[in-house]
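Enquirer: Pasted the sequence and its predicted model underneath.
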Protein chains: 2
Amino acid sequence: MRVLILGGDGYLGWPTAMHLSNKGHEVAVVDNYLRRDMCREQNVEPLYETPNLHERVEIWKSHTGRSIGVTIGDLRDWQVVSEVFSRYKPECIVHYAEQPSAPYSMLDRRASTLTLMNNLEVTANVIFAVKEFSPEAHLVKLGTMGEYGTPNIDIEEGWLDIEHNGRKQKFLYPRAAGSLYHTTKVLDTDLLWFYVRTWGLKVTDLMQGPVYGIYTNESRMDPRLLPFFNYDELFGTVVNRFVAQAVAGHPLTVYGKGGQTRGYLNILDTLQCVRLALENPAENGELRIMNQFTETFSVNQLADFVAKAGTRLDISVEVKSIENPRKESEDHYYNPKHTAFQNLGLQVTPLSEDVLCEMMEMVMRHRDAISDGSIFSGKATW
Amino acid sequence: MRVLILGGDGYLGWPTAMHLSNKGHEVAVVDNYLRRDMCREQNVEPLYETPNLHERVEIWKSHTGRSIGVTIGDLRDWQVVSEVFSRYKPECIVHYAEQPSAPYSMLDRRASTLTLMNNLEVTANVIFAVKEFSPEAHLVKLGTMGEYGTPNIDIEEGWLDIEHNGRKQKFLYPRAAGSLYHTTKVLDTDLLWFYVRTWGLKVTDLMQGPVYGIYTNESRMDPRLLPFFNYDELFGTVVNRFVAQAVAGHPLTVYGKGGQTRGYLNILDTLQCVRLALENPAENGELRIMNQFTETFSVNQLADFVAKAGTRLDISVEVKSIENPRKESEDHYYNPKHTAFQNLGLQVTPLSEDVLCEMMEMVMRHRDAISDGSIFSGKATW
């Protein structure tokens, strides 16, 4: 299948590109290096350097003989969008091309505006491009479980049947996100749903939980093929951050009571899910929403897990509660459904001490590069 | 009260400015003439010319002795926003400053992008400005009944209590709008709700139905104080459009079966509602949503009403069904609640033949200016 990956330089974009290429799909990637620029701007560089996309594609080809197309450009620019769609004529578009950090989106007015305008304009351009150039293509969009927030009722997969005053209606599951970044994903979903209804597009919207890990079958071929590893408060997800804190000899910083519960998944399962979605496309006029996570954990459970893994590597790990910089419930009901991907055959990679130890060993090899300033930037406030 | 009206040149903005000024409030208006520019661009000029804002303010002062502040500038530009908020220190902000046409928002990619980016960025800037300059100010935002669409259950005022699998949660009423313009209002509501939760802002979001009429106590003082009157498919609301079609001797163009039902209100009642909202502000941390309409009519009922009024003026009116350029249900359940403004004391101005005849007489005085091209532009397609 001809697959266009938007945001193909990212933590998930690049591993997805390699994975789909490895499975025989014809892959092209687009990126404007926004994530790299933001990390540099905020002085929270990833743990190790990562070759640029052109270099990575060459490394990938040297190992596999497979080609991946590369375009460097800003998808807010219609000229770029139209050229890319005209050139690659995608049958499937995987849309990761957004500012991906919740704390960054709350930094200040400039960062908020960038997040809001970038994410919405790229999504709108992608919708318009599908309509104009590839109306039969399947759009696979990365949303987030964070769109739902933490309601006091069960979270269904995207939709909710409501009975009210004796009448019935099926609605998009009502959303209430916890950051501007997550809210932009809510807006994306609203926009996609409008155009699916109006133009009959076929869209899969993935409500993904936080991802951890860096190793995939493809990235194991060459360390230069590993994705970014951020361990800071802005761009590092919680497991990756805890692993780096443990290795650096810092306490794991649990925000507040640590009862915040979310659905997590290994990066290996992200790749499986995206591939399952694109190989089993949505129908015309369907907005298919799938909750993309495998296990739920509270922050305290994750901290305990990392501490135990540390013990195996003779690392003494302290866990410390700090004032929560976010506005969120630290103790809440959480029961999100996630059967859609199981039904498509997802093989779950559970979180384990083995997985955490392998990540810790990788971080230990780069221990000297860990910046205390990144671990304690104090920049994340709501 | 110091009131800042964003979009103060518009069909509702200018009458609101005069009304609040007349009631003793200290009023300033901001506009970038976007509506005027779009009408010129699309060659759908209003029925009669309207003095610019500086001229109108002078005319207003000559009749009443009251001053209204004017700033011409684009609220997407933070420089403009911050200057305006610093200068006027508003206690209440009435936010009308959006691209207001559903058909325009569906014209083509450029018009769609303008609508989406303009409306979202202005709303975001207003939120950021309230936080930075006037955190205690009350933001009164113009939304639309169109945010709800036409669900098969009763439409409540903004919120819905849901019981699901034995547990309960109150949510924003799920929305499913019928155009990109209406969808931008959904996105606005999502954004406002996020920042109300996060920063404790006080916001009233007005879910307004289509407005008709031009005469208010203030605009009757001088014909140069009348608001825009658009009768075209892009910027004219249905009643105003039917009135112009009747006077021009054209059939009233009913889209499809004409069973489309909406909640309408007279422009006089818009002014009452906005004033009631600002004189009875929301609380800190409250997103108060009020359904702002007074009566529901189907398009067929409106056409019949206009035809009857025509008879009184010896105008023979034909009603004709044409292919519906919109994607919408032409026959649907519709039961929206609207008690919030009644509870605040709204005195309803019902639609009547008198109201329609006065509008027709006004249009007859400008009969020669009616452009057939505006009535049948064929531009409105979804």
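Expert: Looks like it arrived, so ask away.
Enquirer: Verify the stated contact: A:T115 with A:Y181.
Expert: Yes. Between A:T115 and A:Y181 there is a contact under Cβ atoms under 8 Å: 5.7 Å. The way it works is simple: take the backbone N, C-alpha and C, and place the C-beta from them, glycine included.
Enquirer: shared neighbours of those two, anything?
Expert: A:99, A:104-105 (Cβ atoms under 8 Å, 6 or more residues apart in numbering or on different chains).
Enquirer: Which of those sits closest to chain B?
Expert: A:S105 (10.6 Å; Cβ to the nearest Cβ).
Enquirer: Tell me who's in contact with that closest one.
Expert: Contacts of A:S105 (Cβ under 8 Å, 6+ apart): A:99, A:111-112, A:115-116, A:179-181, A:184.
Enquirer: about what we covered before: mind checking which of the shared contacts of A:T115 and A:Y181 land in strands?
Expert: Among the shared contacts of A:T115 and A:Y181, the subset assigned to strands under DSSP state E is empty.
Enquirer: May I see these organised as JSON lines, with pLDDT and distance to A:R56 added?
Expert: Rendered in JSON lines, the data for the shared contacts of A:T115 and A:Y181 read as follows (pLDDT from 0 to 100; distance: Cβ to Cβ, whole Å):
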{"residue": "A:Q99", "pLDDT": "98", "distance to A:R56": "21"}
{"residue": "A:Y104", "pLDDT": "97", "distance to A:R56": "24"}
{"residue": "A:S105", "pLDDT": "98", "distance to A:R56": "27"}
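Enquirer: The longest helix that chain A contains - contacts with which helices or strands?
Expert: Across chain A, the helix with the greatest residue count (assigned by DSSP state H) is helix A:109-133. Helices and strands touching helix A:109-133, by 3 or more Cβ pairs under 8 Å, 6 or more residues apart in numbering or on different chains; DSSP states H and E, are helix A:78-88, strand A:92-95, helix A:102-105, strand A:138-144, helix A:180-199, helix B:109-133.
Enquirer: Hmm, A:N266 and A:T349 touching each other?
Expert: Yes. Contact criterion Cβ under 8 Å: A:T349 and A:N266 qualify, at 4.2 Å.
Enquirer: where do the contact lists of those two overlap?
Expert: A:294, A:355.
Enquirer: Those two: who's more crowded?
Expert: The neighbour count for A:T349 versus A:N266, taken as other Cβ atoms under 10 Å in any protein chain shown, is higher for A:N266 (22 against 17).
Enquirer: Next, the contact list for the residue of the stretch 251-382 of chain A found nearest chain B, please.
Expert: The nearest approach of the stretch 251-382 of chain A to chain B comes at A:K327, 5.3 Å away (Cβ to the nearest Cβ). A:K327 is in contact with A:178, A:382, B:197-198, counting by Cβ under 8 Å, 6+ apart.
Enquirer: With A:L107 instead?
Expert: A:42, A:234, A:379.
Enquirer: Now that we have those, which of them are buried?
Expert: A:42, A:234, A:379 (16 or more other Cβ atoms under 10 Å in any protein chain shown).
Enquirer: Those residues of the stretch 251-382 of chain A touching chain B, which are they?
Expert: A:327, A:333, A:382 (Cβ under 8 Å from any Cβ of the partner chain).
Enquirer: same thing but 10 Å
Expert: A:326-327, A:333, A:335, A:382 (Cβ under 10 Å from any Cβ of the partner chain).
Enquirer: which one of those residues is nearest A:G213?
Expert: Among those, A:R326 lies closest to A:G213 (Cβ to Cβ), at 23.3 Å.
Enquirer: Name the helix or strand for the closest one, please.
Expert: Using DSSP states H and E, A:R326 is not contained in any helix or strand.
Enquirer: Quick check, it in contact with A:V299.
Expert: No. Using Cβ atoms under 10 Å, A:R326 makes no contact with A:V299, being 11.0 Å away.
Enquirer: Find residues that contact each of these two.
Expert: A:255-256, A:260 (Cβ atoms under 10 Å, 6 or more residues apart in numbering or on different chains).
Enquirer: Neighbour-wise, give me the winner out of the residues you listed.
Expert: Result: A:Q260 is most packed of these (other Cβ under 10 Å), 24 neighbours.
Enquirer: Can you name the residues that contact that one?
Expert: Going by Cβ under 10 Å, 6+ apart, the list of residues near A:Q260 reads A:150, A:178, A:238, A:254, A:297-300, A:302, A:324, A:326, A:328-332, A:334.
Enquirer: related to what we said a few turns ago, so A:R326 and A:V299 - more neighbours on which side?
Expert: Neighbour comparison, A:R326 and A:V299: the larger count goes to A:V299, with 24 against 17 (by other Cβ under 10 Å).
Enquirer: Do a quick rundown of the helices in chain A.
Expert: Counting by DSSP H, the helices of chain A are A:13-22, A:34-41, A:53-64, A:78-88, A:102-105, A:109-133, A:180-199, A:238-248, A:267-279, A:299-312, A:340-343, A:353-365, A:372-375.
Enquirer: CA atoms only for the fifth one, dumped as CSV, please.
Expert: Once non-C-alpha atoms are left out, helix A:102-105 reads as follows in CSV (Å, rounded to 0.1, in the frame of the first residue of the first chain):
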residue,chain,number,x,y,z
ALA,A,102,0.9,18.8,26.7
PRO,A,103,3.3,20.8,29.0
TYR,A,104,4.7,22.7,26.0
SER,A,105,1.2,23.7,25.0
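Enquirer: how distant is that helix from the center of its chain?
Expert: 13 Å (Cα atoms, centre = their mean, to the nearest Å).
Enquirer: what does the third one give?
Expert: Between the mean C-alpha point of helix A:53-64 and the mean C-alpha point of its chain there is a distance of 23 Å (Cα atoms, centre = their mean).
Enquirer: can you check the first one too?
Expert: Counting by Cα atoms, centre = their mean, helix A:13-22 is centred 14 Å from the centre of its parent chain.
Enquirer: Who are the contact partners of A:R36?
Expert: A:9-10, A:45-46, A:50, A:52, A:228.
Enquirer: and A:V140, how far is that from A:T270?
Expert: 12 Å (Cβ to Cβ, to the nearest Å).
Enquirer: correction: A:P210
Expert: When A:P210 is compared with A:T270 (using Cβ to Cβ), they lie 11 Å apart.
Enquirer: Skip the chain neighbours and tell me the closest residue to A:L180.
Expert: A:S105 (4.0 Å; Cβ to Cβ, 6 or more residues apart in numbering or on different chains).
Enquirer: what's the helix or strand of chain A with the lowest mean pLDDT packed up against?
Expert: Using mean pLDDT, DSSP states H and E, helix A:372-375 stands out as the lowest-scoring helix or strand of chain A, at a mean of 88. Here helix A:372-375 touches helix A:238-248, going by 3 or more Cβ pairs under 10 Å, 6 or more residues apart in numbering or on different chains; DSSP states H and E.
Enquirer: Now do the helix it packs on and helix A:299-312, the angle between them.
Expert: 40 degrees (axes from the mean of the first three to the mean of the last three Cα atoms, to 10 degrees).
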